[in-house]
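# Fold the following.
(chains A and B)
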2 protein chains.
Amino acid sequence: MTAGEIQSDAADAGAPAARGTVSSFGDRLAEQVVRRQSQIVLGLDPDPALLWPHALELVGGADDESAPPAVRAARAVAIHCGLVLAAVAEHCVAVKLQLACFERLGAPGWRALTEVIQSARAAGLLVIADAKRGDIDVSARAYAQGFLGTTPSPFGAIPGLGVDAMTVSPWLGSDSLTPFIDVARESGRGLFVLVRNSNPGAVELQEQLVADGSLSELVARMVSTLGAAGVGQHGLADVGAVVGATAPERLSRLRELMPTTVFLLPGIGAQGGRVDDLAPVFTAGVAGGIITVSRGIVHAHRMTGGDPGVAAGREAARLREQAWRLAA
Amino acid sequence: MTAGEIQSDAADAGAPAARGTVSSFGDRLAEQVVRRQSQIVLGLDPDPALLWPHALELVGGADDESAPPAVRAARAVAIHCGLVLAAVAEHCVAVKLQLACFERLGAPGWRALTEVIQSARAAGLLVIADAKRGDIDVSARAYAQGFLGTTPSPFGAIPGLGVDAMTVSPWLGSDSLTPFIDVARESGRGLFVLVRNSNPGAVELQEQLVADGSLSELVARMVSTLGAAGVGQHGLADVGAVVGATAPERLSRLRELMPTTVFLLPGIGAQGGRVDDLAPVFTAGVAGGIITVSRGIVHAHRMTGGDPGVAAGREAARLREQAWRLAA
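Sure, this is the predicted structure:
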């Protein structure tokens, strides 16, 4: 991919609300997947103690050693994320940012977050905030404004982070999700509801049997219903689902219950999931699932040795080809 | 209460980890409730469009009109919260800060959040972050470090917000909660797990019937188990539960399942809950439940007319007396 192509992608992935007619999130994602020929989502969850050595060298040169640790760490985190993006963005369709990793650096972390969002956009990627937020009523709306919309104030409108999508928790019920959907839908943005997570403990609640199947199946029906009014021309809804790639036997069932839903799939690699098990997801089309990989890409050099950027790029390219072949 | 008493309370409510021996969160809360003779938690969820007029006047005088709206709104929010604290802190045991309302203002909002935390501490209050976070593994730990602990980095330790407790979601299972508990427990801080919320849609998941009762009862057992190792000398655990005050018929049952758990009780007032229905909560002692009220206090003047500070103080005092009489 040339710099010119990145430029053109960046324009397409840019702020949707700025357009005359707003495309739905499902359509924007579907077009982006085809354009990039990739279902790979780069997960960025930067730990200041585990940054690429080159990021520390770069921050060292320009660093003010009297600045508070949070300021210096946030700068290093932003540089690290920029390096990772430069190494692998061409193989990816989107980036998923783990909010916890920015939030724990306080206000400087929040500034680093906005910088990384800009870098990801400049590289032509859609941006997903992995925030796992969930709240009721006006608080849900406040989160939605902060991530996907704008906050009205006596001092003028306050722009939010402007991400393309975010993850949300269904634990408080569908009335806690509708404020997010309202804000997202009006500007062509999307949501990913936590339907079935990939950690071992996820079974404790999500696999409980209720009247008509498991609780995650109940949430799947909720997601399908909430997304119905937001299905675009490519047949994909704007309310997606986080579904762990670690439970392949459940993917077909969840696809049945959510035929138009985009699956955001964590768990490939370190957690044991395999790309080849994801076939049922792509019955909804090549953009029916997007695969998020964090440490598997960013820390690939720990397995292979060599330069972190080269190792990350190689691993991202490998995963991209594997998924594209499966889905096409 | 005199200024001197506030001073002395502030010292007691201050950063627990700074002490030689760390008291458990349950003990710290129990002692604070008795000292303040209050179970009232002031909920602050400042909407920049609904601030007290006096806050806008104060910010107007010192304001740089060329600053971005987020900077000006964050300043107004911090001033508003300071005014509310000055009006009602003497009647309260703690403050609960709605993270969404700060986060949507970006980095300036995060700075306002740290200012409000300092103001609340200076007024002798415990600070609860209503964050409803929930994530897995290293991400859960990152949130815990950001709110309750410190983040190690090559640039030195990065202090978190330093709140006394935070709300967390159980949707991803107990292994998503243990990193929070580990970080909280080592410094005498606490958690409040979302067991049964007060919004209408909460029934959709939380009241599903599973093998042994409702799903919220299953989470209640989980909370009781997770808190068992953190029960202090006053018989209260460091893992608390958010339980809506809007469902009095469930309070006795949840108290049975969580005999040593502090209940954080939203839903009084606007959502229909009544203080008099909370008696079952206080079988665990006067600190067995703390009652969070947000708009019922902050917007009391809309019902009564008059000065917002006077109306808020009067309402907080009324609720405090009502709860204290019930619990004692």
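# Show the residue spans covered by the strands in chain A.
Assigned by DSSP state E, chain A shows strands spanning A:40-44, A:94-98, A:126-133, A:150-151, A:158-159, A:165-168, A:190-196, A:209-210, A:213-214, A:239-243, A:263-265, A:289-293.
# Quick one: those as a markdown table, columns for mean pLDDT, distance to B:P170 and mean neighbour count too.
For the C-beta atoms, the positions are set from N, CA and C on the backbone; glycine is no exception. Listed next are the strands of chain A as a markdown table, based on pLDDT from 0 to 100; distance: least, C-beta to C-beta, whole Å; neighbours: other C-beta atoms under 10 Å in any protein chain shown:
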| stretch | mean pLDDT | distance to B:P170 | mean neighbour count |
| --- | --- | --- | --- |
| strand A:40-44 | 98 | 23 | 25 |
| strand A:94-98 | 98 | 20 | 26 |
| strand A:126-133 | 98 | 12 | 26 |
| strand A:150-151 | 98 | 29 | 22 |
| strand A:158-159 | 98 | 32 | 22 |
| strand A:165-168 | 98 | 16 | 27 |
| strand A:190-196 | 98 | 12 | 28 |
| strand A:209-210 | 96 | 16 | 14 |
| strand A:213-214 | 96 | 16 | 16 |
| strand A:239-243 | 98 | 16 | 29 |
| strand A:263-265 | 98 | 21 | 27 |
| strand A:289-293 | 98 | 23 | 28 |
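# can you redo these as CSV with distance to chain B?
Rendered in CSV, the data for the strands of chain A read as follows (distance: least, C-beta to the nearest C-beta, whole Å):
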stretch, distance to chain B
strand A:40-44, 10
strand A:94-98, 5
strand A:126-133, 6
strand A:150-151, 5
strand A:158-159, 5
strand A:165-168, 9
strand A:190-196, 6
strand A:209-210, 4
strand A:213-214, 10
strand A:239-243, 10
strand A:263-265, 14
strand A:289-293, 12
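# so which of those strands comes closest to B:E217?
strand A:209-210 (13.4 Å; C-beta to C-beta).
# who does that closest one touch, helix- and strand-wise?
Helices and strands touching strand A:209-210, by 3 or more C-beta pairs under 8 Å, 6 or more residues apart in numbering or on different chains; DSSP states H and E, are strand B:209-210.
# Give me the residue ranges of chain A where confidence is low.
Applying pLDDT under 70 to chain A flags residues A:1-20, A:61-63.
# contacting residues for the closest residue to A:R104 other than its chain neighbours?
Leaving aside its chain neighbours, A:R104 sits nearest to B:G146 (3.1 Å; criterion: C-beta to C-beta, 6 or more residues apart in numbering or on different chains). Residues in contact with B:G146 (C-beta atoms under 8 Å, 6 or more residues apart in numbering or on different chains) are A:A100, A:E103, A:R104, A:L105, A:G106, B:G160, B:L161.
# Quick check: of those, which lies closest to A:G285?
A:A100 (31.8 Å).
# pretty sure that closest one is touching B:S139, no?
Yes - using C-beta atoms under 8 Å, A:A100 is in contact with B:S139, at 4.8 Å.
# list residues touching both of these two?
With C-beta under 8 Å, 6+ apart as the test, A:A100 and B:S139 both reach A:D45.
# Quick one: closest of the strands of chain A to B:L50.
Using C-beta to C-beta, the nearest of these to B:L50 is strand A:150-151, at 11.7 Å.
# any chance you could map the helices in chain A?
Secondary structure of chain A (DSSP state H): helices at A:3-13, A:25-36, A:53-62, A:69-88, A:99-103, A:106-122, A:137-148, A:178-185, A:203-206, A:215-227, A:248-257, A:295-298, A:300-304, A:308-327.
# could those be laid out in a markdown table, adding distance to B:L56?
Shown next, in a markdown table, are the helices of chain A (distance: least, C-beta to C-beta, whole Å):
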| stretch | distance to B:L56 |
| --- | --- |
| helix A:3-13 | 38 |
| helix A:25-36 | 36 |
| helix A:53-62 | 40 |
| helix A:69-88 | 31 |
| helix A:99-103 | 29 |
| helix A:106-122 | 23 |
| helix A:137-148 | 19 |
| helix A:178-185 | 25 |
| helix A:203-206 | 44 |
| helix A:215-227 | 37 |
| helix A:248-257 | 49 |
| helix A:295-298 | 45 |
| helix A:300-304 | 53 |
| helix A:308-327 | 49 |
